[in-house]
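>>> just a sequence and a predicted model for now, questions to come.
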Amino acid sequence: MVRLPLTPAEVERGRRLGALLRRARGCRSVLDVALASHISPETLRKIESGRVATPAFPIIAAIADTLGLSLDAVWTRINQAG
């Protein structure tokens, strides 16, 4: 299966998601949040840096739950321009 390149809008949405998760993580370590979310620290780093612009829904749901974020709030924030 060939994966189509991401659109500029998808890349930007991935950057907004990463920034939102970094802010929500605050002073907690990447390791702490990743382990609590049952994902690898490298996966969390890639999402936070925007290198994974379209992570799977269960991964985002797990991170949001660990950080106490509602998925509705995450969706609203990452789809806002600017």
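Arrived safely. Numbering: from 1, shown residues only.

>>> centre of the chain to stretch 55-72, how far?
The chain centre lies 8 Å from the centre of stretch 55-72; the measure is C-alpha atoms, centre = their mean, to the nearest Å.

>>> in the chain, which spans are helices?
Ranges of helices in the chain, per DSSP state H, are 8-25, 30-37, 41-49, 57-67, 71-78.

>>> mean confidence score for stretch 71-82?
Taken as a whole, stretch 71-82 carries a mean pLDDT of 87.

>>> let me redo that: stretch 53-68
pLDDT averaged over stretch 53-68 gives 96.

>>> over to stretch 19-37?
Averaging pLDDT along stretch 19-37 yields 97.

>>> how far away from the center of its chain is it?
On C-alpha atoms, centre = their mean, the centre of stretch 19-37 falls 10 Å from that of its chain.

>>> ok, stretch 50-68 next?
4 Å.

>>> coming back round to it: looking at the helices of the chain, which is closest to M1?
Nearest to M1, of all the helices of the chain, is helix 8-25, at 17.7 Å by C-beta to C-beta. From N, CA and C alone the C-beta is placed, and that goes for glycine too.
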